[in-house]
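[1] What shape does this take:
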Amino acid sequence: MTTLETPETPEAAGTRTAAEALDAARDHLLLLQSPEGWWKGELQTNVTMDAEDLLLREFLGVRTDEDTFEAARWIRSQQAPDGTWANFHDGPPDLSTTVEAYVALRLAGDPPDAGHMIRAAAYVRGEGGLPATRVFTRFWLAMFGRWSWDELPVVPPEMLFLPRWFPLNVYDFACWARQTIVPLTVVGALRPVRPLPFGLDELVPDYDVPGPRRRRLPGWGEAFGALDKALHIYQRHVYQRHVHQRHAHRRRPLKGVREAALRRAAEWIIARQERDGSWGGIQPPWVYSLIALHLLGYGVDHPVVRRGLDGLERFTIRDERGRRLEACQSPVWDTVLAMNALADAGLPAGHPALERAAEWVLGEEVRGPGDWSVRRPGLPPGGWAFEFDNDVYPDVDDTAEAVIALNRVRHPAAEPAIERGVRWMAGMVSRDGGFGAFDADNTRTLCRRLPFCDFGEVIDPPSADVTAHVLEALAHRGMADSLLAKRAVVWLLKAQEPDGSWFGRWGANHVYGTGAVVPALVAAGVRPEKPAIRDAVGWLERHQRDDGGWGEDLRSYRDRSWVGHGASTPSQTAWALLALLAAGERGPAVEGGVRWLSEHQRPDGTWDEDHFTGTGFPGDFYINYHLYRLVFPLSALGRYLGAGAAAPGGPGGGSKEAF
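    Numbers count the residues shown, from 1 in each chain. Sure thing, here's the model as predicted:
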């Protein structure tokens, strides 16, 4: 499957009127639609995806010279002049990302005395070297004999036997985390070592370095330290490596428990493989599941492993810059956003492009159970996932946007699917009235305190942006007066920051959160003159840049001095405009934002956006959705011009029954 790409056109379009900009953007978006009806922009992340892909292939013995050459070319192209690699465009250097990229380039044959390698190694040593990297990086190093397994946190496969009510059972973790942790329990239990053909002494500083800092709740440090020590003792008790065998177990009473846990882990992993060979449609559980199954005796020609390896090709992009792997793909998300943007731009409900898109989206509805059923066992399935194939993990955010999109088209099969989607979405509400992305009430913060969890969010609590999208979908269905919607309004009002903004969990950051919440509150009946809306408008006006646009750097997740500050981008400018327009604003701030979009549009109708504005894990992992630069400005221009104003509860509006 190929990504729909925009041709490179460096020249600026010159100043267009808002109407001309809208027409050009709408026409460009229509040209990008696939014959099947979907849209899909590249989902760009950082080079750890490409480095770990090479390491996976080396571990499995399937790495080819061609793959290595092309991936290395891409990795080199992303290196900064100082020799480092960042996690997002124009971001600060990241130690673990730089180490993984460096090891991948050594695997590709780059000598350590090459200039770009010398600069990278000097940075790594200056930041503490290999001992200061995150746990995931040291897992890879241990698999290749460059780190001791004894110096890694132990997460035993026996955790799969913990009942669902017990703390730290696998369902306490977010779906992306549990899918990653389960295969890693196998890898950590079997402790493979397949040495690299080179050393990494140049990445070790010549001074003692304390271990990496771990996020811990005050008062829990000693408890988790003691737990980790106990797990290490247990691990030594059940595992023994013989002199002439790579992996073996000493005959002890607990050996049977360990073997049963490994079998359970294998069954758990295999049951969650998607039709396209992936696990959850995302890279981390995918690569670790392949390694875990391989260690358990599944060869590279086994159908499960072969399907997984073949599926990676669908996520691979090749061009003149090299070979790179998408961490995920977002066709459902991109398609429903494109449908809503085109409707905002004035495309009629019966337009062939919208009908074709609706037909495809309806075919992507998830009609079976998944991990979400663990906490909602009586809830009938429905809704949509993010990817082409991810039937185990539909998500609330995609479902909300799909409901809005389908509610704005004419398709004979749309109404029953919308009703099922609304029912499933409503059933995924958390106890506090808010909505997480993949699970309900996935809020046990104890998971964050494990020594193992030093990278990325590992739980899925309700967030302002997801809750806002649900609320907006309910309003479109004429359900703004339902108890479900009223509780969501209260949740959002309580979540507002003292400065008037909202935190953005899945997009950067307060501009995204505020851009999502204000339209949802107004659609649900909160009057624009209310203090919450006025405070949000004030925050957006204060953070508009001198050039008329808006931008917020991803560093705002760790450093509040960046909140609301950063280079202007098309998507973030559009988010701010969507909020201001919903609040009834038509003054200088709106005019400045529209002018910025018109002035920065490319001749072909889209916009350039090198900066990442999507969020995977706040503070750790970020995304550049290549279609954001087009769909959100199109929506903003359409609403500004009134081309496609869709009143909540308008055509197709459903029941107002309270849940």
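
[2] Every contact and neighbour count from this point should use C-alpha atoms.
    OK.

[3] Dump the helix or strand encompassing residue 639 to CSV, keeping only the CA atoms.
    Using DSSP states H and E, residue 639 maps to helix 628-641. Extracted in CSV, the C-alpha atoms of helix 628-641 (Å, rounded to 0.1, in the frame of the first residue of the first chain):
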residue,chain,number,x,y,z
TYR,A,628,-3.0,17.5,8.6
ARG,A,629,-1.4,20.4,6.7
LEU,A,630,-4.3,20.2,4.2
VAL,A,631,-7.5,19.0,5.9
PHE,A,632,-7.5,21.3,8.9
PRO,A,633,-6.8,24.5,6.9
LEU,A,634,-9.5,23.5,4.4
SER,A,635,-12.0,23.0,7.3
ALA,A,636,-11.0,26.4,8.8
LEU,A,637,-11.3,28.2,5.5
GLY,A,638,-14.6,26.5,4.8
ARG,A,639,-16.1,27.6,8.1
TYR,A,640,-14.7,31.1,7.8
LEU,A,641,-16.5,31.5,4.4
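
[4] name the helices or strands packed onto it?
    For helix 628-641, the elements it packs on are helix 18-31, helix 331-344, helix 570-582, judged by 3 or more C-alpha pairs under 8 Å, 6 or more residues apart in numbering; DSSP states H and E.

[5] For it, give me every contacting residue.
    18-19, 21-22, 25-26, 29, 337-338, 340-342, 344-346, 569-571, 573-575, 577-578, 581, 594, 597, 606-609, 644-645 (C-alpha atoms under 8 Å, 6 or more residues apart in numbering).

[6] Likewise for stretch 25-33?
    Contacts for stretch 25-33 (C-alpha under 8 Å, 6+ apart): 4-5, 39, 338, 342, 345, 353, 604-606, 630-631, 634.

[7] Which among those residues count as buried?
    Among the contacts of stretch 25-33, those classed as buried by 16 or more other C-alpha atoms under 10 Å are 4, 39, 338, 342, 345, 353, 604-606, 630-631, 634.

[8] ok, these vs residue 262, which is closest?
    Here the nearest of the buried ones among the contacts of stretch 25-33 to residue 262, counting by C-alpha to C-alpha, is residue 39; it sits at 40.1 Å.

[9] OK, contacts around that closest one?
    Counting by C-alpha under 8 Å, 6+ apart, residue 39 has contacts 4, 32-33, 331-332, 334-335, 338.

[10] Pull up the gap between it and residue 282, please.
    19 Å (C-alpha to C-alpha, to the nearest Å).

[11] Could you do residue 36 as well?
    23 Å.

[12] hey, where'd the strands end up in the protein?
    43-44, 316-319, 322-325, 614-617, 621-625 (DSSP state E).

[13] And the contacts of the longest one?
    This points to strand 621-625. 41-46, 87-88, 456, 554, 610-616.

[14] Would you enumerate the residues in contact with the nearest residue to residue 525 once chain neighbours are set aside?
    Once flanking residues are discounted, residue 525 sits nearest to residue 480: 7.1 Å by C-alpha to C-alpha, 6 or more residues apart in numbering. Neighbouring residues of residue 480 by C-alpha under 8 Å, 6+ apart: 471, 474, 486, 523-525, 656.

[15] Let me know the closest of these to residue 502.
    residue 471 (15.0 Å).

[16] Just confirm the closest one contacts residue 488, I think it does.
    Yes: counting by C-alpha atoms under 8 Å, residue 471 touches residue 488, with 6.5 Å between them.

[17] so where's the stretch 551-659 of the chain shaky on pLDDT?
    643-659 (pLDDT under 70).

[18] Correct me if wrong: residue 174 contacts residue 460.
    Yes: assessed by C-alpha under 8 Å, residue 174 is found in contact with residue 460 at 5.2 Å.

[19] Mutual contacts of those two, please.
    438-439, 442.

[20] Out of the residues you listed, who's the most crowded?
    Greatest neighbour count in the shared contacts of residue 174 and residue 460, by other C-alpha atoms under 10 Å, goes to residue 439: 30 neighbours.

[21] contacting residues around that one?
    174-175, 372, 375, 395, 428, 460.

[22] One more pass at 6 Å, please.
    Contacts for residue 439 (C-alpha atoms under 6 Å, 6 or more residues apart in numbering) come out as residue 372.

[23] Run through the residues that contact residue 592.
    Contacts for residue 592 (C-alpha under 6 Å, 6+ apart) come out as residue 548.

[24] could you check the distance from it over to residue 580?
    Residue 592 is 12 Å from residue 580, by C-alpha to C-alpha.

[25] for residue 39, same thing?
    For residue 39, the distance to residue 580 - C-alpha to C-alpha - is 27 Å.

[26] do the same with residue 559
    26 Å.

[27] Noted, bye for now.
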